[in-house]
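S.K.: got a predicted model here, sequence first, then my questions.
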Amino acid sequence: MDTAEEADICRVCRSEGTPDKPLYHPCVCTGSIKFIHQECTVNRKLPHRKDYLNVSSSPFPLFPLPVYSPDMPSRLPIQDICAGLLTSVGTAIRYWFHYTLVAFAWLGVVPLTACRIYKCLFTGSVSSLLTLPLDMLSTENLLADCLQGCFVVTCTLCAFISLVWLREQIVHGGAPQWLEQHQPPPPNAAGQANEAQAAGQGAADEPPAAQPAPADPPAQNEAEPEPPDVPPDQGDDPELEEEEGAAAEDADPNNGAQDDMNWNALEWDRAAEELTWERMLGLDGSLVFLEHVFWVVSLNTLFILVFAFCPYHIGHFSVVGLGFEEYVQASHFEGLITTIVGYILLAMTLILCHVSFHPTNSQCLCVCGLAALVRFQRSRRLLGVCYIVVKVSLLVVVEIGVFPLICGWWLDICSLEMFDASLKDRELSFKSAPGTTMFLHWLVGMVYVFYFASFILLLREVLRPGVLWFLRNLNDPDFNPVQEMIHLPIYRHLRRFILSVVVFGSIVLLMLWLPIRLIKLLLPTFLPYNVMLYSDAPVSELSLELLLLQVVLPALLEQGHTRQWLKGLVRAWTVSAGYLLDLHSYLLGEQEDNDANQPVNNNNNNNPPPGHHNNNNNPAPAVGEGLHAAHQAILQQGGPVGFQPYHRPLRFPFRIVLLIAFMCITLLVASLVCLTLPVFTGRWLMSFWTGNSKIHELYTAACGLYVCWLSIRGVTVLLAWMPQGRTVILHKVQEWTLMILKTLVVALLVAGVIPLLLGLLFELVIVAPLRVPLDQTPLFYPWQDWALGVLHAKIIAAITLMGPQWWLKTVIEQVYANGIRNIDLQFIIRKLAAPVISVLLLSLCVPYVIAAGVVPAVGVTPEMEILMQRRIYPFLLMVVSLIGILSFQIRQFKRLYEHIKNDKYLVGQRLVNYERKAGRASSVPPPNPVAE
């Protein structure tokens with residue numbers, strides 16, 4: 001049948017139209033999806049509730065138009081409007097009371113009770129406990145106590161989440177071996193003994209999987225690998241001996257049948273109804289959250305008592321008893337140090353109690369049989385688990401808190417001469433603000449540790465797999481620092497910590513302290529750096545620093561491809577060092593000759609192929625091959641790890657020493673260049689602008705970095721173009737010249753004019769009325785206004801991109817999508833620069849014309865003229881805000897009006913047909929509209 005002769009059918013139910021159920025075509029769609037029934041628009045479960053087609057996204061109405069009762073008046077009676085308004089006001093008041101109660105409970109009662117209970121427990125007097133109910137109702141220091149209580153609640157919540165997470169880690173990763181030993185014998189003790197013996201033999205034949213590489217957290221490394229073929233020392237205490245990964249995996253299935261008995265002390269799971277955040281916080285309108293508030297207050301009290309009160313007093317009594325009270329008080333962190341001492345003593349007590357609860361065989365026969373032994377095992381296990389919790393907590397504090405703090409202080413001490421400071425200055429700053437000083441040094445140390453770990457990851461991308469065998473790979477899916485904190489003994493963590501401090505401290509000496517000494521020796525006038533803020537223009541200095549940190553440096557790091565360039569430099573250095581020292585195969589491997597030379601290399605160097613596993617003891621390596629043999633054996637313990645064989649030249653250890661020396665010299669030279677070249681370039685360029693005046697070194701360093709980046713970028717681009725010929729180079733130069741000119745025009749408008757106008761408007765509206773009295777003349781600094789305007793423009797752009805869709809967001813997204821290479825100058829000027837600049841100019845000019853032109857013509861006094869000139873900008877801002885609020889309320893009233901009318905007079909809905917010629921929907925409905 002021909003298409004023209006086919007009957008019209010509904011797009012949903014695929015049936016024809018009838019007089020009772022006519023077909024409509026409410027949009028521009030054609031073909032088989034043109035028509036639809038009235039009922040099908042209601043029965044169809046569309047994925048969204050927009051007034052658009054979900055198939056063609058046509059901007060024409062698909063949902064039915066309302067049909068009102070014939071007796072509906074042209075305007076609603078005032079009594080209907082008042083009744084609907086009162087109903088809406090009553091609903092709003094009810095919701096306001098409910099959400100006020102929610103806010104009062106979670107932001108007032110919970111933190112206030114936590115703070116008052118915390119203060120009551122740490123007051124140290126019985127009278128505070130008796131007056132606690134009255135202290136709860138006290139109105140003194142409400143805001144301060146609520147803020148402190150929020151911090152206490154956050155700490156208790158984090159502690160609870162950490163405990164639950166640590167429990168999951170212990171359950172899924174297995175408990176340490178010393179915790180699993182000496183379990184009560186099950187009925188089939190002989191069978192399990194045989195299984196344990198077989199498992200022990202298998203573990204002896206196969207080296208542990210956790211031994212291969214020292215698993216370091218992101219700041220740790222270990223310089224001395226343990227021999228893989230040496231079994232654990234049998235002379236150590238078996239209760240405190242570490243459990244390796246393979247042994248844990250072998251022992252876990254054998255103990256799986258006893259998990260229910262062993263973990264009763266930690267089974268916190270219970271059946272409960274499904275709980276959402278809205279229901280828990282009370283945002284769903286119910287009052288069930290009051291029960292949750294009670295339990296949160298109880299949980300806060302329990303955690304404060306267990307995790308703060310008890311450890312603090314244990315540490316306090318110990319410190320007082322040992323006579324170290326004066327030293328602890330002099331540290332300005334008495335509470336923190338005392339609590340840590342309490343946790344250390346608590347961990348020692350727990351492990352001693354765990355060992356003392358171990359019954360001997362004679363005791364097992366004397367005690368009341370198996371039931372008494374089970375009770376012993378439960379107590380021992382509970383004490384052991386508590387010890388693990390305290391141990392992991394202390395290790396986390398050391399890894400995340402103490403180690404970065406040491407690195408930060410060491411960085412500061414080694415860089416004192418760079419800023420013309422002394423230890424006396426740091427001591428004075430610490431005494432004046434100990435908390436702020438420690439936090440800043442911790443933050444600097446964390447940044448240093450993070451970038452060091454990032455550089456190690458970059459090295460792994462360049463070097464041959466297996467070169468950095470002594471450093472744990474952070475990208476390894478088997479890397480789990482929490483499991484290592486659980487399983488490895490304390491002395492291993494202490495050794496790693498000391499080695500990490502030595503390594504990181506040596507790198508700071510090599511790349512910071514030694515270059516500073518050489519700079520002072522070779523360039524006596526170059527240091528110190530000028531990093532002082534000028535008191536006569538604090539806002540200008542602050543604005544420029546914020547501009548540098550928020551705009552300049554992120555743009556440099558984002559557009560400069562710093563990681564790719566650094567990776568290329570590391571690869572070039574590795575290739576050069578490899579060929580100079582004949583270590584190219586060791587550092588980069590031999591991918592191109594791997595297939596042909598691998599058997600020869602393996603035979604010459606006694607290297608078994610990757611994945612080969614030797615069940616017997618490893619033979620003693622040949623003379624001079626200890627490092628190589630240990631290297632490969634460690635890599636092959638855990639299975640295939642992507643190890644690549646390499647050619648081992650003569651005098652291999654001596655070449656490795658030369659490689660390390662060459663690396664130290666390279667790091668020293670690179671540090672000298674980074675500390676001098678950008679600053680020297682920036683000072684030279686800034687001298688043309690500011691003369692001999694001192695400038696903050698952040699500005700000179702940023703200027704020098706940009707100039708160096710542009711120079712290097714230009715050289716690399718020219719080197720990439722040179723092999724393509726002169727014609728291509730000329731074409732590329734023309735293309736880049738045009739692109740640079742367009743970019744300069746856009747930068748002048750978007751990064752120059754708009755921020756200047758925005759900063760000047762902000763100065764007139766906010767800063768000048770607040771800072772300058774009426775009897776003084778405000779002074780405007782264009783450079784300062786532009787810098788503040790850049791920050792404000794960045795904030796406004798970020799808020800716009802996060803907000804709803806409107807024309808400015810669409811334009812900014814389009815500009816970002818085009819980028820610099822495909823920059824559309826006409827689009828940016830017409831859609832972005834011109835509208836924004838017009839609005840800002842109108843906002844600046846209209847108030848000025850009114851204050852300087854219209855007001856004097858009226859004939860007011862000079863005082864009134866000055867008042868109008870100084871206050872017209874904030875006054876007009878208030879007027880615009882009131883107009884916006886009024887328009888919003890008018891729209892809300894219209895919505896309320898439509899809601900009242902629909903509730904009282906709406907009787908049905910109907911579709912309308914879209915007339916293509918008219919370009920709009922026809923208002924003439926087909927006969928017999930269907931009412932809902």
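M.R.: Everything's here; your move.

S.K.: how about G759, nearest residue that isn't a chain neighbour?
M.R.: G789 (2.9 Å; C-beta to C-beta, 6 or more residues apart in numbering). For the C-beta atoms, the positions are set from N, CA and C on the backbone; glycine is no exception.

S.K.: from S843, how far out is the one you found?
M.R.: 13 Å (C-beta to C-beta, to the nearest Å).

S.K.: before we move on, back to that, which residues sit in contact with the residue nearest to G759?
M.R.: Residues near G789 by C-beta atoms under 8 Å, 6 or more residues apart in numbering: I754, P755, L756, L757, L758, G759, L760, F762.

S.K.: for the third one, the count of nearby residues, please.
M.R.: It stands for L756. 19 (other C-beta atoms under 10 Å).

S.K.: what do you get for the second one?
M.R.: Counted with other C-beta under 10 Å, residues neighbouring P755 total 22.

S.K.: quick revisit: secondary structure element for the residue nearest to G759?
M.R.: Applying DSSP states H and E as the criterion places G789 in helix 782-802.

S.K.: C-alpha coordinates for the helix or strand that that helix is followed by, CSV please?
M.R.: Beyond helix 782-802 in the direction of the C-terminus, DSSP H and E gives the next helix or strand as helix 807-818. The C-alpha trace of helix 807-818 is given here as CSV (Å, rounded to 0.1, in the frame of the first residue of the first chain):
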residue,chain,number,x,y,z
TRP,A,807,22.4,33.3,27.7
LEU,A,808,25.6,34.2,29.5
LYS,A,809,26.2,30.6,30.6
THR,A,810,25.7,29.4,27.0
VAL,A,811,28.1,32.0,25.6
ILE,A,812,30.8,31.2,28.2
GLU,A,813,30.5,27.4,27.5
GLN,A,814,30.8,28.1,23.8
VAL,A,815,33.9,30.2,24.2
TYR,A,816,35.5,27.5,26.4
ALA,A,817,34.5,24.8,23.8
ASN,A,818,36.1,26.7,20.9
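
S.K.: can you give me the buried ones in helix 807-818?
M.R.: L808, K809, V811, I812, V815 (16 or more other C-beta atoms under 10 Å).

S.K.: quick check on C27: phi, psi?
M.R.: phi -140, psi -170 (degrees, to the nearest 10).

S.K.: can you give me the strands in this structure?
M.R.: Applying DSSP state E to the chain gives strands spanning 23-24, 36-37, 65-68, 906-910, 914-915, 920-921.

S.K.: can you add distance to T139 and mean neighbour count and give these back as JSON lines?
M.R.: Output for the strands of the chain, formatted as JSON lines (distance: least, C-beta to C-beta, whole Å; neighbours: other C-beta atoms under 10 Å):
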{"stretch": "strand 23-24", "distance to T139": "66", "mean neighbour count": "24"}
{"stretch": "strand 36-37", "distance to T139": "65", "mean neighbour count": "24"}
{"stretch": "strand 65-68", "distance to T139": "54", "mean neighbour count": "15"}
{"stretch": "strand 906-910", "distance to T139": "52", "mean neighbour count": "15"}
{"stretch": "strand 914-915", "distance to T139": "66", "mean neighbour count": "17"}
{"stretch": "strand 920-921", "distance to T139": "63", "mean neighbour count": "14"}
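
S.K.: in CSV: those, plus mean pLDDT and distance to I695.
M.R.: What follows is those, written out as CSV (pLDDT from 0 to 100; distance: least, C-beta to C-beta, whole Å):
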stretch, mean pLDDT, distance to I695
strand 23-24, 82, 73
strand 36-37, 80, 71
strand 65-68, 79, 68
strand 906-910, 75, 70
strand 914-915, 66, 67
strand 920-921, 44, 65
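
S.K.: pretty sure F497 sits against I406.
M.R.: No: F497 lies out of contact with I406 (C-beta atoms under 8 Å); the separation is 9.5 Å.

S.K.: so where's the stretch 301-450 of the chain uncertain?
M.R.: 356-376 (pLDDT under 70).

S.K.: highest neighbour count among the contacts of G789?
M.R.: G759 leads those on contacts (other C-beta under 10 Å) with 26 neighbours.

S.K.: do you know how far it is from S69?
M.R.: Taking C-beta to C-beta, one finds G759 at 58 Å from S69.

S.K.: got it, and R563?
M.R.: 69 Å.

S.K.: equivalent analysis for S585, please.
M.R.: The value you get for S585 to S69, if C-beta to C-beta is used, is 91 Å.

S.K.: same deal with V502?
M.R.: Separation of V502 from S69 (C-beta to C-beta): 87 Å.

S.K.: same thing with Q644?
M.R.: In this structure, Q644 and S69 are 83 Å apart, going by C-beta to C-beta.

S.K.: now do R496
M.R.: Note on R496: its distance to S69, by C-beta to C-beta, is 81 Å.

S.K.: and S15, by the same measure?
M.R.: Distance, S15 to S69, using C-beta to C-beta: 31 Å.

S.K.: those two - which one has more neighbours?
M.R.: More crowded of S15 and S69, by other C-beta under 10 Å: S15, with 13 against 10.

S.K.: lovely, talk soon.
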